[in-house]
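Chemist: Pasting a predicted model and its sequence here:
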Amino acid sequence: MTEPPGSEREIDRLRRRLGEIDRELLALLNRRMEVARDVGEWKRRNGFFLFDPIREEAVIADLIRRNAGSLSDRGIRAIFLEIFSSARGQQGLLRIGCGGGAAGLLAAHSRFGASDHFLMVRSAAEGQRRLTTQSIDILVLPKEGVLDLSPTLRQTPGAVPQWTIRGEIDRPYALVGDRASRFGFYILGLGEEPPGPRELPETQKAVFLLVGGSRESIDRWTGRLGGCWIERDRRPRVQQPTGTANLAGLWEAFAPSPPEVLQERCREICGNSAWIVRLGAYPISTVAHL
């Protein structure tokens, strides 16, 4: 029998080695799934939600810091997000409502995984209703879409949302030209804001709704406090007078001042008719530029 050339023997040897490593990885992953089931049981006994974005971001950040090989940061993130999805599948089904049409569905798929369940929602209002009635566990919305939620927040000073912004998703590369998703997406969950991350304080972003500001006051706010503004892109039927204090926007900032300080600055910069509401804070792996 004629032996294969040296180059073919070499590739056969390398492929056998890859097969051995794949089997080792499979065994380790199955061991991880066993531990994930135990974690799920503990969460159920203690009333914890199975999706923990703060923990996931902390794990990924730690792995990226420890990485001494050729795996890219993006590669590590993609691999472990899918592992996290499989681990959640051992604990229960995560139901994700996706707003913003196909763009929202694509964004959700880029953040979650094959073991999660995706459901399209036609509007921010429908997504909020499904979240409130607990027919979904997580809601993914274009950032601008959050301005369509809970009108009472824009009408009643001191109103508290029933939901919390728990993370964000950068706009997928395939959506570079998509105007509706130009700011990216928020991940919303029902209930109060979870405890802040201790592992990643330097990359914690907070999101606020500021109501009742004028164009001039928003410019002053940005000049003094920085951060990024997101405003609804609407053309009113009736032209509002210049400077009318009826604007509502989302303000994103890193390491913001305490809430009571921000409330005082809000009155100072925007007047007594304006107020600010904290919608959530979360760690992010990269700074998203709006």
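Modeler: Ah, there it is.

Chemist: Could you pull out the helices in the chain for me?
Modeler: Taking DSSP state H, the helices of the chain run over residues 6-46, 53-66, 73-91, 101-111, 124-132, 151-155, 215-225, 259-270.

Chemist: which residues sit in contact with residue 81?
Modeler: Counting by CB atoms under 8 Å, 6 or more residues apart in numbering, residue 81 touches 56, 60, 111, 112, 113. (Each C-beta comes from the backbone N, C-alpha and C, glycine too.)

Chemist: Could you dump those residues into a markdown table and include distance to residue 218, neighbour count and pLDDT?
Modeler: Supplementary listing: the contacts of residue 81 in a markdown table, determined by distance: CB to CB, whole Å; neighbours: other CB atoms under 10 Å; pLDDT from 0 to 100:
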| residue | distance to residue 218 | neighbour count | pLDDT |
| --- | --- | --- | --- |
| 56 | 34 | 21 | 89 |
| 60 | 34 | 20 | 90 |
| 111 | 30 | 22 | 92 |
| 112 | 34 | 24 | 95 |
| 113 | 38 | 19 | 94 |
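
Chemist: Any stretches of the stretch 151-290 of the chain with poor pLDDT?
Modeler: The model of the stretch 151-290 of the chain has pLDDT under 70 over residues 173-181, 194-203, 232-246, 285-290.

Chemist: What segments of it are strands?
Modeler: 163-169, 185-190, 204-213, 228-231, 247-254, 275-283 (DSSP state E, counting those that start in this stretch).

Chemist: In TSV, list the ones you listed along with mean neighbour count and distance to residue 140.
Modeler: Formatted as TSV, the strands of the stretch 151-290 of the chain follow (neighbours: other CB atoms under 10 Å; distance: least, CB to CB, whole Å):
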stretch	mean neighbour count	distance to residue 140
strand 163-169	23	7
strand 185-190	25	5
strand 204-213	22	15
strand 228-231	17	16
strand 247-254	19	16
strand 275-283	22	14
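
Chemist: any chance of those strands in CSV, with distance to residue 87 too?
Modeler: Below are the strands of the stretch 151-290 of the chain laid out as CSV (distance: least, CB to CB, whole Å):
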stretch, distance to residue 87
strand 163-169, 17
strand 185-190, 18
strand 204-213, 24
strand 228-231, 32
strand 247-254, 29
strand 275-283, 19
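
Chemist: List the beta-bridge partners for the closest residue to residue 165 other than its chain neighbours.
Modeler: Distance criterion CB to CB, 6 or more residues apart in numbering; nearest residue to residue 165, sequence neighbours excluded, is residue 280 at 3.3 Å. Taking DSSP bridges as the rule, residue 280 bridges to residue 207.

Chemist: can I assume residue 131 is in contact with residue 188?
Modeler: Yes. Contact criterion CB atoms under 8 Å: residue 131 and residue 188 qualify, at 6.7 Å.

Chemist: so what sits against both of those two?
Modeler: Joint contacts of residue 131 and residue 188 (CB under 8 Å, 6+ apart) are 139, 163.

Chemist: hmm, back to that, and residue 23, which of the strands of the stretch 151-290 of the chain is closest to it?
Modeler: strand 163-169 (33.7 Å; CB to CB).

Chemist: Return the closest one as CSV; C-alpha atoms alone will do.
Modeler: Taking C-alpha atoms only, strand 163-169 is exported to CSV below (Å, rounded to 0.1, in the frame of the first residue of the first chain):
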residue,chain,number,x,y,z
TRP,A,163,-38.9,47.8,34.5
THR,A,164,-35.2,48.4,34.5
ILE,A,165,-32.6,48.8,31.8
ARG,A,166,-30.2,45.9,32.5
GLY,A,167,-27.8,46.1,29.5
GLU,A,168,-27.3,47.2,26.0
ILE,A,169,-26.5,45.7,22.6
